[in-house]
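Visitor: From the sequence below, what's the structure:
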Amino acid sequence: MARYKGPKTKISRRFGEPILGNGKWMDKNSNPPGMHGDKKKRKSLGEYALQLREKQKAKYTYGILEKQFRKTFEEASRRGGVTGENLIKLCEARLDNTVYRLGIAPSRPAARQLISHKHIEVNGDVVNIPSYQMKAGDVITIKEASKNRPSITSMVGTKNPKFNWLDWNETEMKGTFITYPERESVPENIKEQLIVELYSK
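Guide: Numbering: from 1, shown residues only. Next up, the predicted model:
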């Protein structure tokens, strides 16, 4: 499974926000990467650069490579409604992102690992595809044989904020994807309209 394996703090410094982690090192150095940091005289970004930067931010945030991200955008454009909002909804409905949002895993990379190692079930069936698209009413559970593994149980609940499009039953260790989220409910700082403008050229 292809994924970004490079330095996370460097990417966070590039965008000026902790999009690939908790950002604890940004308190020490939040300057852009490079030997000159913020001392180098930087030109203001043009329209294309801003659009490209926003697309890259979305790709890094959700852990999606270019080919798959473009397919997701094409699917979003085919659906009715606002394309940019559809794009965010499809990214949020990915299985790896849903496992992360439910608090089963502390990060999206950790969620992808749980899924690819066949620890996660959707509607009673093991699913090992991180990009699997959730549908309203889908139920996510940890595989019965994996529920007693300390390496897995130690991660569950480490980060479990409440989202109105998800429901988590801690006693049964079961989550439900209620519906696609509305854009205003998604906390990610992504200007999706710039991505739409980029792909529409």
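Visitor: rest of the way, CA atoms for contacts and neighbours
Guide: Noted.
Visitor: Give me the mean pLDDT for stretch 10-17.
Guide: Throughout stretch 10-17, pLDDT has a mean value of 78.
Visitor: in it, what's buried?
Guide: 10-15, 17 (16 or more other CA atoms under 10 Å).
Visitor: In the chain, what residue spans correspond to strands?
Guide: Ranges of strands in the chain, per DSSP state E, are 120-122, 125-126, 138-142, 166-169, 174-177.
Visitor: Using JSON lines, please lay out these together with mean pLDDT.
Guide: Formatted as JSON lines, the strands of the chain follow (pLDDT from 0 to 100):
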{"stretch": "strand 120-122", "mean pLDDT": "97"}
{"stretch": "strand 125-126", "mean pLDDT": "96"}
{"stretch": "strand 138-142", "mean pLDDT": "96"}
{"stretch": "strand 166-169", "mean pLDDT": "92"}
{"stretch": "strand 174-177", "mean pLDDT": "94"}
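Visitor: With respect to Phe69, which of the ones you listed lies nearest?
Guide: Comparing those against Phe69 with CA to CA, the closest turns out to be strand 174-177 (21.7 Å).
Visitor: Minimum distance to Ala110: which of the strands of the chain has it?
Guide: Checking those against Ala110 by CA to CA gives strand 120-122 as the closest, at 12.1 Å.
Visitor: ok, the closest one: who's next to it in the sheet?
Guide: Each strand that pairs with strand 120-122, with its direction, by DSSP bridges: strand 125-126 (antiparallel), strand 138-142 (antiparallel).
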